[in-house]
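Asker: Return atomic coordinates for the entry below.
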Amino acid sequence: MMEWSNLHSGRFEKIGFDEELKQLHVRYQDGGYQIFYEVRETEYLGMMRSDDMEAFFDDKIKEKFPSTDVHG
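Answerer: Sure thing, here's the model as predicted:
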């Protein structure tokens, strides 16, 4: 089951994490949607607890995990 957090700040609108599938779902304020694969819960929790969520995402997740852009 996916756990969603509504953010409505910065470039993120919602962040969802599926612990079983190890997927991080990111819905952006501009309507974009990406799924990142093989993300451990420690990265998800680190991002959610970070003082600068966008910097954490850029440094520790964005280029380090395989992802798919979702359209629709």
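
Asker: Every contact and neighbour count from this point should use C-alpha atoms.
Answerer: Noted.

Asker: burial count for Leu7?
Answerer: Residues within reach of Leu7, counting by other C-alpha atoms under 10 Å, total 15.

Asker: and whichever strand or helix holds Leu7, which strands flank it?
Answerer: Assigned by DSSP states H and E, Leu7 falls within strand 3-9. Strands that pair with strand 3-9, judged by DSSP bridges, come out as strand 12-18 (antiparallel).

Asker: which other residues reach the strand it pairs with?
Answerer: 1-8, 23-29, 44 (C-alpha atoms under 8 Å, 6 or more residues apart in numbering).

Asker: could you redo the last one with a cut-off of 7 Å?
Answerer: 1-8, 23-29 (C-alpha atoms under 7 Å, 6 or more residues apart in numbering).

Asker: Now do that strand: distance to the chain's middle.
Answerer: 5 Å (C-alpha atoms, centre = their mean, to the nearest Å).

Asker: for that strand, what is the average pLDDT?
Answerer: Taken as a whole, strand 12-18 has an average pLDDT of 95.

Asker: Now tell me what touches the next helix or strand along the chain from that strand from outside.
Answerer: Once strand 12-18 ends, the next helix or strand along the chain (criterion: DSSP H and E) is strand 23-28. Applying C-alpha under 7 Å, 6+ apart, the contact partners of strand 23-28 are 11-18, 33-39.

Asker: and with 6 Å instead?
Answerer: For strand 23-28, contacts defined as C-alpha atoms under 6 Å, 6 or more residues apart in numbering pick out 11-17, 33-37, 39.
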